[in-house]
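Student: Have a look; sequence and predicted model below, questions after that.
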Amino acid sequence: MKPALTLGHVTKRFGGLQAVQDVSIEVAEGHITGLIGPNGAGKTTLFRIISGAMRPTTGRVRFGDRDITGLSPHAVCRLGVCLTHQIVRPFLDLTVLENVMVPAAFGSGGRIANTVRAEALDVLEFTGLSARRELPASVLTLAERKRLEIARALATRPAVLLLDEVLAGLNPSESERAVHLVRQIRSRGVTIVMIEHVMRAVMALSDRVVVLNYGRLIADGPPTDVANLPQVIEAYLGQRLEG
Amino acid sequence: MFSSQNLISIGIAALLTAGLYAIMSYGLAIIYGVMKVINLSHAGFLMLGAFMTLVYFQWWHLDPVAGAFINLPVFFVAGWVVYRVLVRRVATALPIASLLLLFGLWLVIQNLAVAIWGGEDQSIITPYTYKALALFGFRIPVTRLIVFGVALAVLSVLHFALGHTFIGKALRATVQDPTAGLLVGIDTEQISAMAFGLGTAFAGFAGSLLTLLFSFNPDFGGSFQLKSFTIIVLGGLENLAGVTVGAAVLAFAESYAVLFMRASLQNVIAYALLVVALVVMPGGIGQFLQRRS
Amino acid sequence: MPRARIAVVPALALGVMLALVPFLAPRNITLLNLGFLTFLFVAQGVAWNILGGYAGYVSFGYAAFFGLGAYTTALLWLGGWPPVLTYPVAGLVAAVFSLVVGVPTLRLVGPYFSIATIGVGEAMRILMLNLDRITGGASGLNLPTSVPSKGWFYLVALVFAAVAISVSAVIRRSLFGLGLLALRMDLEAAEGLGVPTALFKNLAHTMSAFIVGACGGLYATYLQFVHPDTVFSFTQSISLVLIALIGGIGTVWGPVLGAVVFYAVQDYLQTRYPTFHLLVYGALLIVILLFEPNGLLGLATRLRSRTPVTPAGTRSAGAGAERPA
């Protein structure tokens, strides 16, 4: 199967610091790929490189057949790759509906004005935010804001959705709801890459898991296999003490 | 026009100007560095510094240099008050809010000056205003030498203080990383107030020195302020040491440009450099050259 | 669509009433002048607000567009063109210039953009002072004496204002306007959701520059004299900032209200206390930023719904969406 997203030898240096080192990944279409690793491993940096917010120092990013390295974020979004942020960023002075209308209007493909609102309402329905649609985004709870973040990304009609820690800060029932939402998104045919620290969720959701440590790829495979690899355990827990 | 005599003479003038430019921009640099606030009232305090010096001169026959040192504490207090009363309240807002607020303050200060002193040009004439010294075959106006000397002295003291006193280190720490500063116990409130006070103090100080070289009126300050911005951008916005670099670059560029263009166009150099620097080298000339190499 | 509601019928009614004035009082020169200058400020303030309010890029350099428009009209008029034909050209010249400076400077973040605009504005003024062979330099340019009546100027200015307001209203309710608001609130997030931020910023800049340029042209024919220190002055630039802030930045009618108040204050002060206008503006600016960043309209809305004050612009100094009370 043709990969939806391909990263080829992506490297990112900030001055002397190597945030990402020679990472090559093929993201399978229609699957959920988990991207895990300790804090500071370079996961969000990788997302930012894919979405165009940052250029890699070397290496290329391909979306299907197309080289999207270095394209501006709005161009990448229009092609069908969309990112949600770790720290949610709603447009606070716009209503929930308006928040979703922005990507509905400007996301992938051109739209005629009168379908934008309908699309937005549709997405709000799907993510369970319809009841809040006329409220300013500033009054939403964290869980709702996270759902809004996902809703906005969905409104761009992405082929690939990059979810950055969507479960962070959610209580168990909110988490469950979010996990269910992710499954529903996948069933719509969207390819998902998710950065997550909540291990239970990642292992349950992902078809495949990729592990980053200090910017390097240290494992790539089915969740159960990866979870037991010594280098992965070491990355999270530190080296085994001798004796 | 391009004789070596002339070129060196211009170079000397540029060097002397650089000293003035550095001291004039330091206040702005401190406030920006510590608080990330763009102080558009800097022009107002430069102008007030000049006018206060006029007052000291007219009432007590104080030399402008003495006036400059008197202004230091006076304007420090003024800056502290401005911070506490005004700036602090928009600290949590978007940066544009503090910019506009201080701009409003500038307008108020300007108008107050007009109300008190009228709009005409003023100048301070001292016994040495028209004197010049002959050094190495060049005639250099005494006033320029004095300004340069004082600026150099004060900048050196400042450099020492920043490096070796607790407050100095706290200031530099906050410039580098405000959160880390908080974590190690630096009270950023106090530091911000102090930075604003210091910044204003230096504006007043520089304003006094400016009276030795220029005549002034309430509109005075605007072009110096823009030049100060150019200087801190050229030097690297968060780099206190870069101010001297930026000052030198601007002073030399302006001085030598007169060989090729009308004198009345001189300020355009600063403004053009400002825009170019902001767009092309936001990290300052140093970073720009480093990246190229 | 964003919930900006323009009551179209009352606006039209107001427009018609204002349009009747020159026919009912054709010899009241004071009133006609007052109207002319107010409408001119309205048009410019509303135009400025498209970039400054909707997109959030506060420019202190719009005098460059006003001045370029004024000189374009002046030179073309001296060259034999009928004034009315010069106004769109004046707008066009200003618009082209706005692209030249806008493309590089709009890449700068908020306050740095503002500083850059001060530099550009001042540089233009000095350049124009020095290009004396074209612009007449420090003595300015005197323009021919065959001029239409004050009533004509009043009506044309009213038309300019109406056009500006209409453009602003249409933008505000359009997807373009939504994109501008979004990029003001969070540039990166908007960019990531597909908004072509650079294109939109420059479009807003250019459209508003066109309007301001045309206003400059009209002003030149009215005054019959152009001089760099008037049309390119920093005071001209800051007037527009003040107008938008006083009335309510980021709204359609805010700058209209702001222009009326601003001009009324200016007129009053000029006759009684001519040296104090900067003080009043500065004090107003401070008060607005400390207590009511959404200007008079914001104050009115807040009083009507009695909501607590948003601390000065914690979300945005000037909320974009007008909320129906």
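Tutor: Received it, and whenever you're ready, just let me know what you need. The model shown is predicted, which means the values in this text are computed figures rather than measured ones.
Student: does the strand or helix carrying residue A:7 come close to chain B?
Tutor: With elements delineated by DSSP states H and E, residue A:7 resides in strand A:3-14, which encompasses its position. No. Strand A:3-14 is not in contact with chain B by Cβ under 8 Å from any Cβ of the partner chain; minimum separation 12.7 Å. Placement of C-beta: from N, CA and C, glycine included.
Student: The following helix or strand past that strand pairs with which strands, parallel or anti?
Tutor: The helix or strand immediately downstream of strand A:3-14 is strand A:17-28, counting by DSSP H and E. For strand A:17-28, sheet partners with direction are given as strand A:3-14 (antiparallel), following DSSP bridges.
Student: how about the closest residue to chain B within chain A, phi and psi?
Tutor: In chain A, the residue that lies nearest chain B is residue A:15 (10.0 Å; Cβ to the nearest Cβ). Main-chain torsions, residue A:15, degrees, to the nearest 10: phi 60, psi -120.
Student: okay, now it: neighbour count?
Tutor: Number of residues near residue A:15 (other Cβ atoms under 10 Å in any protein chain shown) recorded here: 5.
Student: Also residue A:151?
Tutor: The burial metric for residue A:151, expressed as a neighbour count using other Cβ under 10 Å, is 26.
Student: Then residue B:230?
Tutor: Residues near residue B:230, counting by other Cβ under 10 Å, number 30.
Student: Assess the claim that it and residue B:251 are in contact.
Tutor: No. With the criterion set as Cβ atoms under 8 Å, residue B:230 and residue B:251 do not qualify as a contacting pair; they are 10.8 Å apart.
Student: list the buried ones in the strand holding residue A:7?
Tutor: For strand A:3-14, burial by neighbour count (16 or more other Cβ atoms under 10 Å in any protein chain shown) applies to A:3, A:4, A:5, A:6, A:7, A:8, A:10, A:11, A:12.
Student: And for stretch A:181-192?
Tutor: Neighbour-count burial for stretch A:181-192, with 16+ other Cβ under 10 Å as criterion, is recorded at A:181, A:182, A:185, A:186, A:190, A:191, A:192.
Student: Contacts made by it with the rest, please.
Tutor: Defining contact as Cβ atoms under 8 Å, 6 or more residues apart in numbering or on different chains, one finds that stretch A:181-192 is touched by A:4-5, A:27-33, A:126-128, A:147, A:150, A:154, A:158-161, A:163, A:166, A:194, A:205.
Student: How far off centre is that stretch?
Tutor: Using Cα atoms, centre = their mean, to the nearest Å, the mean C-alpha position of stretch A:181-192 is found 12 Å from that of the whole chain.
Student: Span of it from start to end?
Tutor: End-to-end distance of stretch A:181-192: 12 Å, with Cα to Cα, to the nearest Å as the criterion.
Student: Check the average confidence over it, would you?
Tutor: Regarding stretch A:181-192, the rounded mean pLDDT is 92.
Student: what about the nearest residue to residue A:211 once chain neighbours are set aside, how many neighbours?
Tutor: Counting by Cβ to Cβ, 6 or more residues apart in numbering or on different chains, residue A:219 is the residue found nearest to residue A:211 once chain neighbours are left out, at 4.0 Å. As a burial measure, residue A:219 scores 20 neighbours (other Cβ under 10 Å).
Student: ok, now which ones touch residue A:219?
Tutor: Applying Cβ under 8 Å, 6+ apart to residue A:219 gives the contacts A:209, A:210, A:211, A:226, A:229, A:231, A:232.
Student: Out of these, which end up buried?
Tutor: Of all the contacts of residue A:219 considered here, the ones buried according to neighbour count by 16+ other Cβ under 10 Å are A:209, A:210, A:211, A:226, A:232.
Student: OK, contacts around the last one?
Tutor: Pointing back at residue A:232 there. Residue A:232 makes contact with A:211, A:218, A:219, A:226 under the criterion Cβ under 8 Å, 6+ apart.
Student: Using CSV, lay out the residues you listed together with distance to residue B:14, secondary structure and pLDDT.
Tutor: Shown next, in CSV, are the contacts of residue A:232 (distance: Cβ to Cβ, whole Å; DSSP: H, G, I helix; E, B strand; the rest coil; pLDDT from 0 to 100):
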residue, distance to residue B:14, secondary structure, pLDDT
A:211, 59, strand, 92
A:218, 57, strand, 90
A:219, 61, strand, 89
A:226, 65, helix, 86
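Student: what about the helices in chain B?
Tutor: Shown for chain B, the helices assigned by DSSP state H span residues B:4-35, B:42-60, B:64-85, B:95-117, B:142-164, B:166-176, B:178-183, B:188-213, B:222-235, B:242-257, B:266-280, B:284-292.
Student: Can you tell me which residues in chain A are near chain C?
Tutor: Looking at chain C, the residues of chain A close enough under Cβ under 8 Å from any Cβ are A:51, A:53, A:72-74, A:77-78, A:82-83, A:85, A:89, A:91-95, A:98, A:101-103, A:105-108, A:113, A:116-117, A:138, A:152-153, A:155-156.
Student: Show me the residues you listed that map onto strands.
Tutor: Per DSSP state E, strands hold the following members of the residues of chain A next to chain C: A:82, A:83.
Student: Can you flag the buried ones in the residues of chain A next to chain C?
Tutor: Buried subset of the residues of chain A next to chain C (neighbour count, 16+ other Cβ under 10 Å): A:51, A:53, A:72-74, A:77-78, A:82-83, A:85, A:89, A:91-95, A:98, A:101-103, A:105-108, A:116-117, A:152-153, A:155-156.
Student: got the contact list for residue 202?
Tutor: Going with chain A. With contacts defined as Cβ under 8 Å, 6+ apart, the neighbours of residue A:202 are A:34, A:36, A:194, A:196, A:209, A:223.
Student: Sorry, I should have been clearer: chain C.
Tutor: Residue C:202 sits next to C:99, C:102, C:103, C:106 when contact means Cβ under 8 Å, 6+ apart.
Student: one more time with 6 Å
Tutor: Residue C:202 is in contact with residue C:102, counting by Cβ atoms under 6 Å, 6 or more residues apart in numbering or on different chains.
Student: Same question for the one 10 residues further on.
Tutor: Contact partners of residue C:212, counting by Cβ under 6 Å, 6+ apart, are C:44, C:47, C:62, C:65, C:66.
Student: State the number of residues packed around the fourth one.
Tutor: Using other Cβ under 10 Å, residue C:65 is surrounded by 39 other residues.
Student: Equivalent analysis for the first one, please.
Tutor: By other Cβ under 10 Å, the residues close to residue C:44 number 30.
Student: Could you grab the helix/strand/coil label for it?
Tutor: Taking DSSP: H, G, I helix; E, B strand; the rest coil as the rule, one finds residue C:44 in the helix state.
Student: Just the pLDDT for it.
Tutor: Here, the pLDDT recorded for residue C:44 equals 97.
Student: how far away is it from chain A?
Tutor: Distance of residue C:44 to chain A, computed by Cβ to the nearest Cβ, to the nearest Å: 25 Å.
Student: Just to check, that residue is in contact with residue C:214?
Tutor: No. Between residue C:44 and residue C:214 there is no contact, the gap being 9.8 Å when judged by Cβ atoms under 6 Å.
Student: In stretch B:143-163, which residues are buried?
Tutor: By neighbour count, with 16+ other Cβ under 10 Å as the criterion, the buried positions of stretch B:143-163 are B:143-148, B:150-152, B:154-155, B:158, B:162.
Student: actually stretch C:231-244, not the one I typed
Tutor: When neighbours are counted by 16+ other Cβ under 10 Å, the buried residues of stretch C:231-244 are found to be C:231-234, C:236-244.
Student: shaky segments in the stretch 201-325 of chain C?
Tutor: Low-confidence segments of the stretch 201-325 of chain C, defined by pLDDT under 70, are located at C:307-325.
Student: same thing but at 80, please
Tutor: Judged against pLDDT under 80, the low-scoring parts of the stretch 201-325 of chain C cover residues C:270-277, C:305-325.
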